[in-house]
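A.B. asks: Below is the sequence, then the predicted model.
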Amino acid sequence: MSGMLLTRPRRLRRTSALRNLVAEHALSVNDLIYPMFVIPGQKTRQAIGSMPDISRFSVDLLIDEVGECLALGIQHFALFPVVGEDKKSLQGDEAFNPSGLAQFAVSALKEKYGDTICVITDVALDPYTTHGQDGIIDDSGYVLNDETIHVLVEQALSHARAGADIVAPSDMMDGRIGAIREALEAEGFVNTCIMAYSAKYASSYYGPFRDAVGSAGNIKGGDKKSYQMDPANSDEAILEITLDINEGADMVMIKPGMPYLDLVRRCKSECKVPTFAYQVSGEYAMHQAAFQNGWLDKDAVIMESLLAFKRAGADGILTYFAKAAATLLANK
Ligand code: PBG
């Protein structure tokens, strides 16, 4: 070596000031969406065994928790209701009860915080069906597409009436975005946004979430492979995203997150739409397990994992680490 290397990539890595100057991506608190579990009752907070540091909150305590998050700068909240067995049925009709838990939580949060927060609701029937599937099933357990859409439309409308800023269909029925969009327009909810779970895979990383919402034990048929996507496929995600955008979705989501960052990149590059990713419960649980064992550096790995989403092209990230990341960003 002559000592005359013209290009030395390490020059730009020498000091943190230089590194900061050329950094292509950064995580901001504006990128964070905090998924939160809501339970009935009052003054109740329940820990979730497989999701350390995450709790289910009754609505009064949810309001306080959202206030704490807001003080850290988190503005976006995705709500997941956990209702009692007495509210569950074959058809999941509780999904569109105007005074149901999800609807009540949305209106209570919007009443308290107004447009300083953005509330995102989950549109799918699994919290409300006795069989744990996201839609209505036939005698064989097959989830019926068009029958389910009628209920999803009612559910999305009930969320919009309660004041949801964004409805997020996570059910993977064909054509549901178009049906929901038309119904929202017809009722005058022209500014209710739709964040479509467009590329939602039949993943085994959702286990802890199903614990959190109590649907783990009762998924009839054992899986959701007849409607959620096959992890073997990538082009199919582009088809799903294109369909959802054409049917009126404002934003799309890839789920799970880290094992599917290739899809985040493809979505951003090929479809050029607002792209979100969900770092799901299983990803959260495996990180926490490593942190608890002292195998990984908690703060550093949280930030690295979220920055990876930004580098892949995500405009925002649903993550159970939202509060931890916002705290780290605030103390930086
Ligand atoms: C259900 C829903 C699921 C998640 C979000 N919405 C689970 C499923 O499809 O079974 C998973 C989120 C997570 O694992 O963090 N409609």
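C.D. replies: Arrived safely, thanks for sending.

A.B. asks: going forward, measure contacts and count neighbours with C-alpha atoms only.
C.D. replies: Fine.

A.B. asks: And the ligand, is the helix or strand bottoming out on mean pLDDT in the chain touching that?
C.D. replies: For the chain, using mean pLDDT, DSSP states H and E, the weakest element among its helices and strands is helix 207-212, scoring a mean of 91. Yes. On the criterion CA under 6 Å from any ligand atom, helix 207-212 is in touch with the ligand at F209.

A.B. asks: Provide a list of residues in contact with the nearest residue to A105 once chain neighbours are set aside.
C.D. replies: Excluding its sequence neighbours, the residue lying closest to A105 (CA to CA, 6 or more residues apart in numbering) is V59, at 5.8 Å. Taking CA atoms under 8 Å, 6 or more residues apart in numbering, we find V59 in contact with V38, I39, P40, G41, Q42, A105, A108.

A.B. asks: Return the member of those residues nearest to A164.
C.D. replies: Nearest to A164 out of the contacts of V59 is A105 (CA to CA; 9.9 Å).

A.B. asks: For the stretch 51-200 of the chain, which segments count as strands?
C.D. replies: Shown for the stretch 51-200 of the chain, the strands assigned by DSSP state E, counting those that start in this stretch span residues 55-58, 76-81, 118-123, 166-169, 193-200.

A.B. asks: What mean pLDDT does the second one get?
C.D. replies: Meaning strand 76-81. Strand 76-81 carries an average pLDDT of 98.

A.B. asks: Tell me the helices and strands packed up against the least confident helix or strand of the chain.
C.D. replies: Counting by 3 or more CA pairs under 8 Å, 6 or more residues apart in numbering; DSSP states H and E, the packing neighbours recorded for helix 207-212 are helix 281-292.

A.B. asks: Dump the strands of the stretch 51-200 of the chain to a markdown table, plus mean neighbour count and distance to the ligand.
C.D. replies: Shown next, in a markdown table, are those (neighbours: other CA atoms under 10 Å; distance: least, CA to the nearest ligand atom, whole Å):
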| stretch | mean neighbour count | distance to the ligand |
| --- | --- | --- |
| strand 55-58 | 22 | 13 |
| strand 76-81 | 23 | 8 |
| strand 118-123 | 24 | 7 |
| strand 166-169 | 25 | 8 |
| strand 193-200 | 27 | 8 |
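
A.B. asks: Rebuild the ones you listed as TSV, extending it with distance to D235.
C.D. replies: As requested, the strands of the stretch 51-200 of the chain are exported to TSV (distance: least, CA to CA, whole Å):
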stretch	distance to D235
strand 55-58	36
strand 76-81	28
strand 118-123	25
strand 166-169	21
strand 193-200	10
